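# Pasted the sequence and its predicted model underneath.
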Amino acid sequence: GNSVTQMEGPVTLSEEAFLTINCTYTATGYPSLFWYVQYPGEGLQLLLKATKADDKGSNKGFEATYRKETTSFHLEKGSVQVSDSAVYFCALTLDNYGQNFVFGPGTRLSVLP
Amino acid sequence: SAVISQKPSRDICQRGTSLTIQCQVDSQVTMMFWYRQQPGQSLTLIATANQGSEATYESGFVIDKFPISRPNLTFSTLTVSNMSPEDSSIYLCSVDGGGETQYFGPGTRLLVL
């Protein structure tokens, strides 16, 4: 079946540190890939997405590149801020109509001042 | 992207009672989804709600426990029936955002005593 694996958290970084959160997937076809972010006490917000191999999604300083050869979609940010403290979810879908999402377990990031 | 609101944002309920959660979106959408997020966990899809038809439930979720209404293209409700402490979770509504993306509401935080 389809699945998403993320690095275990929590991840604790100092402000301005470099962030990588690993995400790998297993899928029976060519999925679209997403990163969602959940800030404390809130719902999920779409952070970025990529729909085909070698696409790079980017938003708010975060980036992730769809790597078909390694089935990965790692999230990176060059300099994190305290306000980036949240839970990050990697997700995929093989559906073109917004159905059948598969979410990873989430990675909690804490950024210390 | 769609703007989604949920009511209530949080509630504390007694076991054996029921709670109805409302989800309102600012544009017409084909599909609405209901998820459960248990404490510290990822998202689990409860059901998919299309306007004018019965909701489609995922394995482990039944209509008697989680009845869903979808009276029009901008609104849905999820009822959590005969609640027990194990139902304490965040309940999230999402919608298909056109294409392959889902957009989420802010969630309803439920505590059952």
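Everything's here; your move.

# which non-adjacent residue is nearest the residue of chain B found nearest chain A?
Using Cβ to the nearest Cβ, the closest approach of chain B to chain A is made by residue B:96 at 2.9 Å. The C-beta positions use only the backbone N, C-alpha and C, and glycine is treated the same way. Spatially, and ignoring its direct neighbours in sequence, residue B:96 is nearest to residue A:98 (2.9 Å; Cβ to Cβ, 6 or more residues apart in numbering or on different chains).

# Backbone torsions only: list them for that neighbour.
When read as degrees, to the nearest 10, the backbone of residue A:98 gives phi 80, psi 10.

# which residues does it contact?
Counting by Cβ atoms under 8 Å, 6 or more residues apart in numbering or on different chains, residue A:98 makes contact with B:31, B:95-102.

# at 7 Å what do you get?
Going by Cβ atoms under 7 Å, 6 or more residues apart in numbering or on different chains, residue A:98 touches B:31, B:96-97, B:100-102.

# cool, and residue B:9?
B:106, B:108-109.

# likewise residue A:61?
Contacts were defined as Cβ under 7 Å, 6+ apart; by that measure residue A:61 touches A:77-78.

# Can you tell me which residue is spatially central in chain B?
Among the residues of chain B, residue B:34 comes closest to the average C-alpha position under Cα atoms, centre = their mean, at 3.5 Å.

# Make sure it is indeed in a helix.
No. Using DSSP: H, G, I helix; E, B strand; the rest coil, the assignment for residue B:34 is strand, not a helix.

# ok, it touching residue B:47?
Yes. Taking contacts as Cβ atoms under 7 Å, residue B:34 lies within contact range of residue B:47: 5.4 Å.

# joint contacts of those two?
Here residue B:34 and residue B:47 have residue B:68 as joint contacts, going by Cβ under 7 Å, 6+ apart.

# who touches residue A:36 in this structure?
Neighbour list for residue A:36: A:44-47, A:89, A:91 [criterion: Cβ under 7 Å, 6+ apart].

# what's the average pLDDT for the helix or strand encompassing it?
Using DSSP states H and E, residue A:36 sits in strand A:32-38. Averaging pLDDT along strand A:32-38 gives 96.
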